[in-house]
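> got a structure for you, letters missing:
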């Protein structure tokens, strides 16, 4: 907006009453008082733990400030540490005879594999990684009903870097009952495991491994949608997003086991191979309904891509308002996924070089169920604190691998310069 | 696919027929009534889902709110 | 649900200047009733606000200024609250204490009669009781224009 034309009201009034009005009010450039600009800070810390697998602790700090009448800037930093092990797609069997080969895992920790007849491989790859990320965004009202925002992202970890920029527009129409939204973002990722990316379908036990250096992954994500106010208590939204991935999309730490059908035992372990492009679509429907005190949110997403993965995600959250600004939110999430075309638990023999194969359970036939509760309290009119616990079970619908239990604890504090006068609750009993 | 477009049209239609008054947006103005009421929770949940599952996308910016200015 | 269509057509052409009788109202204030027709002979600045309306937090200190500056010269500021009860309006008034009149319109009937298009909205009524200017929203760069209009109406 026109920062150069802002003037103090005192000066304007003084001039007006002095009868300068005949020549029009003088335009004196005065910067907006710092006290007029509002800000908001959010901080969250979480602990995520998979049963016997990966643990992550993450901290995010976000700060947003108005920098003009209709303009704001926000900064967000996150850092996390991930340790533990994750399944790499190998099938474990008791050892028989054979030579040994040392293979280094991504974080530099060595593991020994038995190769030759009676192959055995540790089905888990250990990780120890730290990640630092930053996001900066600037938004403003281009007109009273059109809001625009630009966003920049950076993320660095031991074996993965990501750079991204994006923007979105939000347009209120039809007396602000309908909002049209559109967004576009571009990301460039560098996949750089410890000793370079492995050659796809190469045996992990080979004595002369071929390493391909860094991989690059490019992503374009676009989203269009609209939200509609149905009535005083209901708001709904429908979005369509199209994501295009291009480049190195294989996971360098995942293997696929070759199981001899006659022996019924693993004979080789190969690095997996995925296509170099992916077209991903999602339709997302989100609704919020107010019961005058409590609020319910329900969303459903249907996703499909050209790898054959399809999924349905349903999410329900009910926030029960208690007395004095305390609230309890319960949430349920149900996710089902159909496997990628090239997803296989194991291979019956050496694969064709032109084909694709992955045993990564994340591309498989999954069912994930989550249940969570979150308790929030208002401390004064400007601070909100909440504690959240979530339990998830991720299971294989084909029952080929055991289910995974995940627990999550998250604590968040939000401090705002802007007082929320609406935080009422039920009268104390 | 077809059902989604029918749903879309129905939603738009209901919106056009009963516009709410600007002074009746008190409930819509509340933070807990926004389409993403708690960005910190959404961000963490989305990231976990993206890492542990094969799907992505959908969540975007929203509307509603107090409709002020 | 009935629209005050005549007024609305004018309001759609903003910033709006027109001459027609301002809808009269009698509302409960903080100390007694507030009636528009009893203010004939004074210039009246009517502002519709709510506790949940963020730009209203900037408009209150400014309305205090103009009340102090132009009150003795014949201006009356009335800020009509459209909250549906619950004490949020009182909490807001504690943080932004007004020197001007506050009236309460929880049913929104007066807001309807003025054809309020967005929150906040303000209207200037001249000494004869005619509605002269309407403003949608509250913007820092619009403050001077409103002051100019007030001075113009006070001079008549």
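The structure has been received and is ready for your questions. Given the structure is predicted, the values throughout are model-derived calculations rather than measurements. Numbers count the residues shown, from 1 in each chain, chains lettered A, B, ... in the order given.
> pLDDT at residue 108, what is it?
I went with chain A, as the question did not name one. If you check residue A:108, the pLDDT there is 44.
> that's the other chain; I wanted chain C
Taking residue C:108 on its own, its pLDDT is 92.
> again, but for residue A:15
Reported pLDDT for residue A:15: 41.
> What about residue A:368, how many residues nearby?
The tally of other residues near residue A:368 (other Cβ atoms under 10 Å in any protein chain shown) stands at 21. Where C-beta positions appear, they are placed from N, C-alpha and C, glycine not excepted.
> same check, this time on residue B:21
There are 17 residues near residue B:21, going by other Cβ under 10 Å.
> And the residue positioned nearest the centre of chain B, how far from residue A:181?
Closest residue to the average C-alpha location of chain B: residue B:35 at 3.7 Å, with Cα atoms, centre = their mean. According to Cβ to Cβ, to the nearest Å, residue B:35 stands 10 Å off from residue A:181.
> low-scoring stretches of the stretch 51-200 of chain A, by residue?
A:91-123 (pLDDT under 70).
> near chain C, which residues of it show up?
A:69, A:144, A:175-176 (Cβ under 8 Å from any Cβ of the partner chain).
> and with 10 Å instead?
A:68-70, A:144-145, A:175-176 (Cβ under 10 Å from any Cβ of the partner chain).
> can you give me the helices for the chain?
Unless you meant another one, I'm taking chain A. Listed in chain order, the helices of chain A (DSSP state H) span A:9-17.
> ah, no, chain C please
Going by DSSP H, chain C shows helices at C:5-11, C:56-70, C:88-95, C:109-113, C:143-155.
> Reformat those as JSON lines; add distance to residue A:201.
Converted to JSON lines, these look like this (distance: least, Cβ to Cβ, whole Å):
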{"stretch": "helix C:5-11", "distance to residue A:201": "70"}
{"stretch": "helix C:56-70", "distance to residue A:201": "64"}
{"stretch": "helix C:88-95", "distance to residue A:201": "65"}
{"stretch": "helix C:109-113", "distance to residue A:201": "70"}
{"stretch": "helix C:143-155", "distance to residue A:201": "70"}
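> rank the ones you listed by pLDDT, which is bottom?
helix C:5-11 (a mean of 46).
> What's the end-to-end length of stretch A:314-331?
11 Å (Cα to Cα, to the nearest Å).
> Is any residue of that stretch near chain C?
No - on the criterion Cβ under 10 Å from any Cβ, stretch A:314-331 is out of touch with chain C, staying 12.1 Å away.
> Based on its surroundings, how many neighbours for the residue in the stretch 151-300 of chain A that chain B sits nearest to?
Distances between the stretch 151-300 of chain A and chain B by Cβ to the nearest Cβ are smallest at residue A:179, namely 2.6 Å. Applying other Cβ under 10 Å, we find 26 residues neighbouring residue A:179.
> My read is that it contacts residue A:225, right?
Yes - between residue A:179 and residue A:225 a contact is recorded at 8.7 Å, counting by Cβ atoms under 10 Å.
> Return the residues in contact with residue B:52.
The neighbours of residue B:52, taking Cβ atoms under 10 Å, 6 or more residues apart in numbering or on different chains as the test, are A:48, A:50, A:54, A:86, A:335, A:361-362, A:366, A:368, A:392, A:394, A:404, A:406.
> Apply 7 Å and report the result again.
In this structure, residue B:52 makes contact with A:362, A:394, judged by Cβ atoms under 7 Å, 6 or more residues apart in numbering or on different chains.
> What separation do you get for it and chain C?
According to Cβ to the nearest Cβ, to the nearest Å, residue B:52 stands 38 Å off from chain C.
> any idea of the pLDDT on residue 22?
Picked chain A for this. 39.
> actually chain C
In this model, residue C:22 carries a pLDDT of 89.
> Roughly how far does the residue nearest to it when sequence neighbours are not counted sit from residue C:125?
Closest residue to residue C:22 apart from its sequence neighbours, by Cβ to Cβ, 6 or more residues apart in numbering or on different chains: residue C:131 at 4.0 Å. Noted for residue C:131: a distance of 6 Å to residue C:125, by Cβ to Cβ.
> can you pull up the bridge partners for the nearest residue to residue A:140 once chain neighbours are set aside?
Excluding the flanking residues, the one nearest residue A:140 by Cβ to Cβ, 6+ apart is residue A:71, at 3.9 Å. When assigned by DSSP bridges, residue A:71 has beta-bridge partners residue A:68, residue A:140.
> Now do residue A:71 against chain C, distance only.
Separation of residue A:71 from chain C (Cβ to the nearest Cβ): 12 Å.
> And for that residue, the neighbour number?
15.
> My guess is residue A:76 contacts residue A:59. True?
No - taking contacts as Cβ atoms under 7 Å, residue A:76 lies outside contact range of residue A:59: 11.3 Å.
> Neighbour count: these two, which is higher?
residue A:76 (20 against 13).
> who does the more buried one bridge with?
Counting by DSSP bridges, the residues bridging with residue A:76 are residue A:62, residue A:135.
> any idea how far it is from residue A:414?
On the measure of Cβ to Cβ, residue A:76 and residue A:414 end up 13 Å apart.
> that's a strand at residue B:42, yeah?
No - under DSSP: H, G, I helix; E, B strand; the rest coil, residue B:42 falls outside any strand and is assigned helix.
> So for residue C:131 and residue C:125, which residues contact both of them?
Counting by Cβ under 7 Å, 6+ apart, the residues touching both residue C:131 and residue C:125 are residue C:22.
> Would you mind naming what in chain C lies close to chain A?
Contacts of chain C with chain A, taken as Cβ under 7 Å from any Cβ of the partner chain, map to C:51-52, C:54, C:58, C:62, C:65, C:69, C:86-88, C:91-92, C:95, C:137, C:139-141, C:143-144, C:147-148, C:151.
> Domain-wise, how is chain A divided?
According to automatic domain parsing, chain A comprises the domains A:1-31, A:36-416.
> Would you confirm that residue B:29 belongs to a helix?
No - read with three-state DSSP, residue B:29 is coil and lies in no helix.
> if I pick residue 50, what's in contact with it?
I went with chain A, as the question did not name one. Contacts of residue A:50 (Cβ under 7 Å, 6+ apart): A:84, A:404, A:406.
> wrong one, chain B
Counting by Cβ under 7 Å, 6+ apart, residue B:50 touches residue B:56.
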